[in-house]
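**Student:** okay, here's the prediction I keep looking at, along with the sequence it came from:
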Amino acid sequence: MKRDLWDNVRAARPLIHNITNIVVANFSANGLLAIGAAPVMASAVEEVAEMVSVSDALVLNIGTLDATTERTMIRAGQAANQAGRPVVFDPVGVGATAFRRDVAKSILQHVRVTVIRGNAGEIATLIGLDAASRGVDAGETRDDLNQIAREAARRYNCVIAVTGETDVVSDGDVTIEIKGGTAVMARTTGTGCLLSAVVGAFLAVESDAMTATATALAGYARCGELATALADGPGDFPAHFLNELGKMTAVELPSDRIEVVS
Amino acid sequence: MKRDLWDNVRAARPLIHNITNIVVANFSANGLLAIGAAPVMASAVEEVAEMVSVSDALVLNIGTLDATTERTMIRAGQAANQAGRPVVFDPVGVGATAFRRDVAKSILQHVRVTVIRGNAGEIATLIGLDAASRGVDAGETRDDLNQIAREAARRYNCVIAVTGETDVVSDGDVTIEIKGGTAVMARTTGTGCLLSAVVGAFLAVESDAMTATATALAGYARCGELATALADGPGDFPAHFLNELGKMTAVELPSDRIEVVS
Amino acid sequence: MKRDLWDNVRAARPLIHNITNIVVANFSANGLLAIGAAPVMASAVEEVAEMVSVSDALVLNIGTLDATTERTMIRAGQAANQAGRPVVFDPVGVGATAFRRDVAKSILQHVRVTVIRGNAGEIATLIGLDAASRGVDAGETRDDLNQIAREAARRYNCVIAVTGETDVVSDGDVTIEIKGGTAVMARTTGTGCLLSAVVGAFLAVESDAMTATATALAGYARCGELATALADGPGDFPAHFLNELGKMTAVELPSDRIEVVS
């Protein structure tokens, strides 16, 4: 973990190109602004490659797909690969339908991704486990999660972030656990999607993907705790959460959140 | 009214599949999470039928249409019919354009809906009255509303919820009025759309559509009143409103809101 | 400036038709409701012309384009021209890609717009200056801004609003500067997009486009200052800002914000 990455993002103001869904587009943009990054959303196949070329990272989120999404995301992802830009992939709800599995598979075949972030069920689906959308959560143990993260990292040759009660980040070799966060975060739509975008911003200022991802996750979870303490309910949690994202710095981020487990 | 349905939704955590518009997608998702339901938004024609099959209710909202919406909504609706899932239809702005009237008519011809929720103008349009988008509101009397609700319920063989200053729910035979709510609610976009989604969640846990709908409307109006008392203006009303939705239980819901009028 | 336009909008409740992007649709709708206008979002090519016919102003925003956007916006814009409705054009990120420049150029060739509102980089792009998305901001001087606004106004025969630290409004002949606003506003996504929609509402009640635009901008900036003073951070700024928009009246709006500079 490099705690001062939170300050580095604010100083560098990286432009993060998001191809994302109609549910979380606003929250993701405001969250990126809160941490000091600049968001851009562009999803027309005619322009995504050029937009990638002026951006510092690309975030692909399959929350609401349509017939052109696969083509658009592959074009954007390949442009990012050619330009050497980091790519985050968020396989939202990939276990729910065959269409999502096909689109995700196609994207991962054609684009080299830097980080995949999802919940346990989504990452399990990517390695062929029979996990329904909400399935894996039930019987999971932390060992299972670590195993899933490791296997997915090896399969896709990238860093995997499995987020939930405890977050697990793995590059297939080293696996680390990140404690923190609160259940309230899961009652706000898009906290996972925004986290993927935040990881994109950290990748834009730190070339070591494990370090970038772990630092982003640790600070994000801390902001969730601080906001939960201030919020009266799910209604005002998002505002408190974005306020905390706006204040998070190296100084605010505890150093004891991360444990290397393998 | 079964007041403990509010607790039942929270216990059952039904998955509500929304095909909805870009304006209210986020608010609808957060509102469903606040009452303890789980939202999923999926609108690709390739996957809606499968998404319906893993969901507990379907909500169709025509707020922002495109060329594929009609086909997608019919496919999803028919899948819900086959699987025995409840379907809520929200004919947003149906009086405003011929295109909306045509799409709504086609959906209602091909899909059996459980509940239609709209404002007076929208429901009036569905039974062929010449009501502009904002038209009926002007000269309406409560008797008119009851008549409109009854006639629409008979025409479409479903439960109709006409929401406004006083809500009217009818299955064509029994008609009930629900008092409550505040004018401030109408100054937040999507309070009607979210209500349709909330009705979907209640239908997922209660097979009597009149009971499910009336209980949802009564509690929703109560949350609006509580939030209005706490809010400084339209800006912070949504946060207070979602907080109240997060707290509403059988205990909080007054029992004297509903009057059977016919 | 006619300060009582803020009250006139509230009294007239104009219906503002927005063809806008997935990021700001909700914020724009709630902002329009806050000032007392009524929003409608409709972007299907099948219905935009009819929706324009029942609306009081049209706002075209190219924040998230797709393959049909150009055709839809031109059809809507031409319907507005024929019906004598004011049209606001917001060239979001027009400097970022060739596709955006082409779509913007085509819209401006086929539709007579009443007001174009953008940041300095966007307006500079429209007159052919080589300004990257975030480019012009760096070395700008106020004289440059005034020159850019004037030239764009003459080129497109409309009123230009360049918004930023100081706002500049020009019809190519008279140019005025509007002071106010805060840097925090730029940390909330869609404050520019909502401002374009607000200008649309003012054009619906005031035929002098310079007066309508300047009055909207001055009050909007004032609301930004009041909200900034109340907000703890970027998270709760939007709620405070919409609250202030809900209260702004002739009485609240200072008279010394506007200076005619040429």
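**Tutor:** Sure, I can see it.

**Student:** every contact and neighbour count from this point should use C-alpha atoms.
**Tutor:** Will do.

**Student:** look up phi and psi at A:Gly246.
**Tutor:** Main-chain dihedrals, A:Gly246, degrees, to the nearest 10: phi -70, psi -20.

**Student:** does A:Ile123 touch A:Arg150 like I think?
**Tutor:** No - contact criterion CA atoms under 8 Å: A:Ile123 and A:Arg150 do not qualify, at 10.4 Å.

**Student:** now do the helices in chain A.
**Tutor:** Counting by DSSP state H, chain A has helices at residues A:5-12, A:25-34, A:48-53, A:69-83, A:98-110, A:120-126, A:142-156, A:191-203, A:209-230, A:237-247.

**Student:** mind giving me TSV with these and columns for mean neighbour count?
**Tutor:** Output for the helices of chain A, formatted as TSV (neighbours: other CA atoms under 10 Å in any protein chain shown):
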stretch	mean neighbour count
helix A:5-12	19
helix A:25-34	26
helix A:48-53	23
helix A:69-83	21
helix A:98-110	17
helix A:120-126	26
helix A:142-156	20
helix A:191-203	27
helix A:209-230	23
helix A:237-247	25
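
**Student:** any idea which of those scores lowest on pLDDT?
**Tutor:** When the helices of chain A are ranked by mean pLDDT, helix A:142-156 comes last with a mean of 93.

**Student:** beta partners for the nearest residue to A:Asp167 once chain neighbours are set aside?
**Tutor:** Residue nearest to A:Asp167 in three dimensions, not counting chain neighbours: A:Ile178, with 5.0 Å by CA to CA, 6 or more residues apart in numbering or on different chains. Beta-bridge partners of A:Ile178, counted by DSSP bridges, are A:Asp167, A:Ile258.

**Student:** distance of the residue positioned nearest the centre of chain A relative to chain B?
**Tutor:** The residue lying closest to the centre of chain A (CA atoms, centre = their mean) is A:Ser196, at 1.9 Å. To chain B, A:Ser196 is 17 Å away according to CA to the nearest CA, to the nearest Å.

**Student:** verify the stated contact: that residue with A:Val59.
**Tutor:** Yes - if you go by CA under 8 Å, A:Ser196 and A:Val59 touch, sitting 7.1 Å apart.

**Student:** can you list residues touching both of the two?
**Tutor:** When contacts are counted by CA atoms under 8 Å, 6 or more residues apart in numbering or on different chains, A:Ser196 and A:Val59 are jointly contacted by A:88-90.

**Student:** for those, which one is nearest chain C?
**Tutor:** A:Asp90 (18.1 Å; CA to the nearest CA).

**Student:** closest point of chain A to chain B, which residue?
**Tutor:** Counting by CA to the nearest CA, chain A gets nearest chain B through A:Gly235, at 3.9 Å.

**Student:** that residue - how many residues pack around it?
**Tutor:** If you count neighbours by other CA atoms under 10 Å in any protein chain shown, A:Gly235 ends up with 26.

**Student:** residues in contact with it?
**Tutor:** B:30, B:34, B:238-243, B:246.

**Student:** how about A:Leu217?
**Tutor:** Here A:Leu217 is in contact with A:167, A:178, A:195, A:199 (criterion: CA under 8 Å, 6+ apart).

**Student:** for A:Ala67, which non-adjacent residue is closest in space?
**Tutor:** B:Ala44 (6.8 Å).

**Student:** what's the separation between the one you found and C:Ser255?
**Tutor:** B:Ala44 is 51 Å from C:Ser255, where distance means CA to CA, to the nearest Å.

**Student:** and these two? which has more neighbours close in?
**Tutor:** B:Ala44 (23 against 14).

**Student:** for A:Met210, which non-adjacent residue is closest in space?
**Tutor:** Using CA to CA, 6+ apart, the closest residue to A:Met210 is A:Val159 (6.6 Å).

**Student:** what pLDDT does the one you found get?
**Tutor:** For A:Val159, pLDDT reads 98.

**Student:** what residues does it make contact with?
**Tutor:** By CA under 8 Å, 6+ apart, A:Val159 lies in contact with A:114-116, A:153, A:169-172, A:209-210.

**Student:** burial count for A:Asp256?
**Tutor:** A:Asp256 is flanked by 10 other residues according to other CA under 10 Å.

**Student:** quick one: contacts for A:Val113?
**Tutor:** A:77, A:86-89, A:156, A:158.

**Student:** and the gap between it and A:Ala104?
**Tutor:** Using CA to CA, A:Val113 is found at 12 Å from A:Ala104.

**Student:** got it, and A:Gly128?
**Tutor:** Using CA to CA, A:Gly128 is found at 12 Å from A:Ala104.

**Student:** shared neighbours of the two, which are they?
**Tutor:** With CA under 8 Å, 6+ apart, A:Gly128 and A:Ala104 have no common neighbours.

**Student:** next one: phi and psi at the closest residue to A:Thr72 other than its chain neighbours?
**Tutor:** Closest residue to A:Thr72 in three dimensions, ignoring its sequence neighbours and counting by CA to CA, 6+ apart: A:Val45, at 4.8 Å. In terms of degrees, to the nearest 10, the main-chain angles of A:Val45 are phi -60, psi -30.

**Student:** isn't A:Val45 right up against A:Ala79?
**Tutor:** No - if you go by CA under 8 Å, A:Val45 and A:Ala79 don't touch, sitting 11.7 Å apart.
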